[in-house]
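>>> I would like to see how this sequence folds:
(one chain, ligands or ions: 1)
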Amino acid sequence: MLCVEEGGAVGRDVPDERDRIEAASRLVGTLYTCGEWVLPAVIEGIIASGELAIESLEELIRSDIEGKGVTYSGLIFAVRLLGRLGSEGSVPVLIDLLRHYDEYILDDIARALGTLRPSAVEPSLALVADRELSWYQRGAAIEAAMEAARGDVALVERVRTALKAELEALISRSAEVTEDEEAVGAQIVSALADLGNLEDWPLVEAAYDAGVVEDEYIDRETSEGVFSNGLEPIRPMPLVEYFDTYPKQYAAYVAQIDTLLRIAKNIPIPGRNDPCWCGSGKKYKQCHWADDQVASRPLWQA
Ligand SMILES: [Zn+2]
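This is a model prediction of the structure:
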């Protein structure tokens, strides 16, 4: 809100940077306690704060790593928001978080790292080579590296070379390769197939022959198909698009609660042209009718 005084001087009620940092920090603070559905306005405010929100988001993640208990959903939102804000300085904290968890938040970490290009490529590749990590963590690192390199010929080549070296190392140690490492082998094969350079096919075949690729993840036939047909890999929704869609998903979620509340209170459904039960004054068919159609199904069919 700009308030311009006589003579063109800017008035005192314009928020200064300190106010904005404070606001960003308090918006991020709500992520400590939120459930799965963060208020869209909070998301909007954090995105509008831009760079000013980054420190608070990183702090939230650090405090979780130190065991200070952030809700898991809040943590996932913090990770996605860091990816959305796209500051390359956030790579180290996301890498630390990737080392810290061995569960599904890894998919979100990979997605966020993937947007922090190109600086996420090398740290992600270092994790791919780290045998202390689980297959899930190393797989997330592969995804992050692939996404962070996407569209840059030299970086894609760098990722491809690193993945091939990793697969060669697995083949050379095939006698001692664990099941966990076979899953890593499968993820490398899958990534190489997505890159679709047919020169890599003999190496992939050698990996199958050596038994270092988990078949159930991707079998030889599927790999060959992806290599030769150049199928587009399935990629998660870009974070910009995700945060554009979120308010609509939130509205649908709220509408469902309204409807469930109506059922719980035993409020009868009105006629299509009668006023809606919610008190909006609109006709039922123009208000909660569509939401009721979805939410009135038995919960186990939702
Ligand atoms: Zn209504």
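
>>> ends of stretch 121-137, how far apart?
Its start and end residues considered, stretch 121-137 measures 15 Å (CA to CA, to the nearest Å).

>>> report the buried residues of that stretch.
121, 123-125, 127-128, 133, 135-137 (16 or more other CB atoms under 10 Å). (Glycine included, C-beta is placed from N, CA and C.)

>>> point out where the stretch 151-300 of the chain drops to low pLDDT.
Within the stretch 151-300 of the chain, the segments meeting pLDDT under 70 span 294-300.

>>> helices of that one, start to end?
153-172, 179-195, 201-209, 220-229, 239-264, 289-295 (DSSP state H, counting those that start in this stretch).

>>> ok so, going back, out of the buried residues of stretch 121-137, the closest to the ion would be?
Y136 (43.9 Å; CB to the ion).

>>> which strand or helix spans that closest one?
helix 135-149 (DSSP states H and E).

>>> thinking again about what came up before, now distance to the ion and pLDDT too, for the buried residues of stretch 121-137, in a markdown table please.
What follows is those, written out as a markdown table (distance: CB to the ion, whole Å; pLDDT from 0 to 100):
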| residue | distance to the ion | pLDDT |
| --- | --- | --- |
| V121 | 50 | 98 |
| P123 | 50 | 98 |
| S124 | 48 | 98 |
| L125 | 53 | 98 |
| L127 | 50 | 98 |
| V128 | 52 | 97 |
| L133 | 50 | 97 |
| W135 | 49 | 97 |
| Y136 | 44 | 96 |
| Q137 | 46 | 98 |
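
>>> now, which of these lie within helices?
121, 123-125, 127-128, 135-137 (DSSP state H).

>>> nearest residue to the middle of the chain?
Geometric centre of the chain, nearest residue: D108, 3.1 Å, by CA atoms, centre = their mean.

>>> quick check: it touching I76?
Yes. Using CB atoms under 8 Å, D108 is in contact with I76, at 5.2 Å.

>>> out of the helices of the stretch 151-300 of the chain, deepest packed?
helix 179-195 (a mean of 21; mean count of other CB atoms under 10 Å).

>>> so what touches that one?
128, 131, 134-135, 138-139, 142-143, 146, 156, 159-160, 163-164, 166-167, 170, 177, 200, 203-204, 207-208, 211-215, 217-218, 223, 226-227, 231, 233 (CB atoms under 8 Å, 6 or more residues apart in numbering).

>>> got it, and stretch 215-230?
Against stretch 215-230 from outside (CB under 8 Å, 6+ apart): 183, 186-187, 189-190, 192-194, 196, 198, 200-201, 204-205, 208, 213, 231.

>>> please apply the same query to stretch 71-81.
So stretch 71-81 is contacted by 28, 31-36, 38, 43, 46-47, 53, 57, 60-61, 64, 70, 94, 97, 105, 108-109, 111-112, 239, 242-243 (CB under 8 Å, 6+ apart).

>>> now do stretch 100-118
64-65, 72, 75-76, 79-80, 82-84, 86-88, 90-91, 94-95, 97-98, 120, 124, 134, 136-137, 139-141, 143-144, 146-150, 152, 155, 236, 238-239.
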